[in-house]
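Student: Got a predicted structure here, sequence first:
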Amino acid sequence: MELQYRGKHILAPMVRVGTLPFRMLAAEYGADITYGEEIIDHRLLRCTRKINKMLGTVDLVEKGTDSVVFRTCDEEKSRVVFQIGTSDAVRALQAANLVSSDIAAIDVNMGCPKSFSMSGGMGAALLSKPDLIHDILTTLKRNLNISVTCKIRLLKTHHDTVELARRIEKTGVAAIAVHGRKVADRPRDPAQWDGIAEVVSALSIPVIANGDVFEYSDFQRIKDATGASSVMVGRGACWNPSVFRSEGKLFWEDVKREYVKKSIEWDNDLKCTKHTLREMIVHYSCLEFPEGKGINCCCSLSDIADMYGERDFYTEVVAKRSQCRVHPFAGINCGS
Ligand SMILES: Cc1cc2nc3c(=O)[nH]c(=O)nc-3n(C[C@H](O)[C@H](O)[C@H](O)COP(=O)(O)O)c2cc1C
């Protein structure tokens, strides 16, 4: 079934931030579609799909470890987008097959400028290989029965971006997200909404406009400036996911506490919880203050709970889980 991409407010893919608790929180505040962090196909192919009965989740767990690479739940199935990093159509499809029954859509990352991605021919390296883009997207599209999309950056000229976007549209993707920056741009450089506008005018499929949305009012501003009907938010949501609330943002300290509780509830990866909290703190406060230093010393979600005065909540959640009396990975393996 195709996910509908018009008129949506979307949580951007963000490494270490966009795990299940963060996605659930963003959705509670009003995000219609929530992207997970980019996961590289090679890594996904090392995973086994497991039902986690205790949490009520589906986990992709790296074989021979208990490292959860992707965790999702039924409640988000109709809105969660899995973002894949890839440079090969066959490998991308093999990896996507592991997760496709648990998600609403798969997105191919064509915008990451980091050297790890670029040197592996992934992320923004794909932008200069339209034939490979075509191969990857058509292979996914032909073989999966969920929506397929991609996320690109602007190319050197708006004309080049439009040409590429037109080729991408021909593959039959359900939508295209355009981050209004070029590969060489830094996050502090203003996003070029005019470049996104040119893509919107040239295509018929939904274009998701991305870049510099920090307040609820920016959703309308970027829609007016680009003509896009859907908007994706990265840093604005990372710092305060209540940016999706039409009534306005909540106080960041309260939002942070909600995030801590969701992390406990969904037994989030500790590194990801610490990373996300640091991102919030560095924006609103300072990592050199006791809170930032305190996070560095946390060795478990239990420590995080203590730091944020959520000991009772933690105890309650853990007690409920132990009533389940099943080890989360007690031999239940539904990998295909
Ligand atoms: C912490 C962080 C992690 C990110 N990880 C990804 C990622 O995994 N995949 C991706 O396509 N973009 C990633 N991005 C880029 C965002 O999705 C988005 O395109 C960018 O931040 C611009 O949007 P903004 O101006 O609203 O922040 C990341 C950005 C941030 C801040």
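Tutor: Yep, it's here.

Student: So which elements touch the helix or strand encompassing N97?
Tutor: Taking DSSP states H and E as the definition, one finds N97 inside helix 89-99. Under the contact definition 3 or more C-beta pairs under 8 Å, 6 or more residues apart in numbering; DSSP states H and E, helix 89-99 sits against helix 41-44, strand 47-52, strand 80-85, strand 105-110, helix 130-143. Using the backbone N, CA and C atoms, a C-beta is placed for each residue, glycine as well.

Student: what's the closest of the ones you listed to Y314?
Tutor: Closest to Y314 of these, according to C-beta to C-beta: strand 47-52, at 18.4 Å.

Student: next structured bit after that closest one?
Tutor: Proceeding C-terminally, strand 47-52 gives way to strand 57-62 as the next helix or strand, assigned by DSSP H and E.

Student: Off-centre distance for that next one?
Tutor: Put simply, strand 57-62 sits 16 Å off its chain's centre (C-alpha atoms, centre = their mean, to the nearest Å).

Student: Alpha carbons of the helix holding N97, as CSV, please.
Tutor: Taking Å, rounded to 0.1, in the frame of the first residue of the first chain, the C-alpha atoms of helix 89-99 are listed here in CSV:
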residue,chain,number,x,y,z
ALA,A,89,20.4,-2.3,-6.1
VAL,A,90,20.6,-6.0,-5.4
ARG,A,91,22.0,-5.5,-1.9
ALA,A,92,19.5,-2.7,-1.2
LEU,A,93,16.7,-5.1,-2.1
GLN,A,94,18.0,-8.0,0.0
ALA,A,95,18.3,-5.6,3.0
ALA,A,96,14.9,-4.0,2.4
ASN,A,97,13.3,-7.5,2.3
LEU,A,98,14.3,-8.0,6.0
VAL,A,99,12.3,-5.0,7.1
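
Student: so it versus strand 57-62, what angle?
Tutor: Here helix 89-99 runs at 140 degrees with respect to strand 57-62, directions being taken by axes from the mean of the first three to the mean of the last three C-alpha atoms, to 10 degrees.

Student: what about the strands in this protein?
Tutor: Remark: strands assigned in the chain by DSSP state E are 9-11, 33-35, 39-40, 47-52, 57-62, 68-73, 80-85, 105-110, 147-154, 175-182, 207-210, 230-233.

Student: which of the ones you listed is buried the deepest?
Tutor: strand 207-210 (a mean of 28; mean count of other C-beta atoms under 10 Å).

Student: mind checking how far that one is from the chain centre?
Tutor: Put simply, strand 207-210 sits 15 Å off its chain's centre (C-alpha atoms, centre = their mean).

Student: Now for T65, how many residues are close by?
Tutor: Per other C-beta atoms under 10 Å, the neighbour tally for T65 reads 10.

Student: And it, its phi and psi?
Tutor: Here is the backbone geometry of T65 (degrees, to the nearest 10): phi -140, psi 180.

Student: Could you pull up the residues touching the residue in the stretch 201-336 of the chain that the ligand sits nearest to?
Tutor: Per C-beta to the nearest ligand atom, G234 is where the stretch 201-336 of the chain lies closest to the ligand, at 2.7 Å. Contacts here follow C-beta atoms under 8 Å, 6 or more residues apart in numbering; on that basis G234 touches A12, M14, N210, G211.
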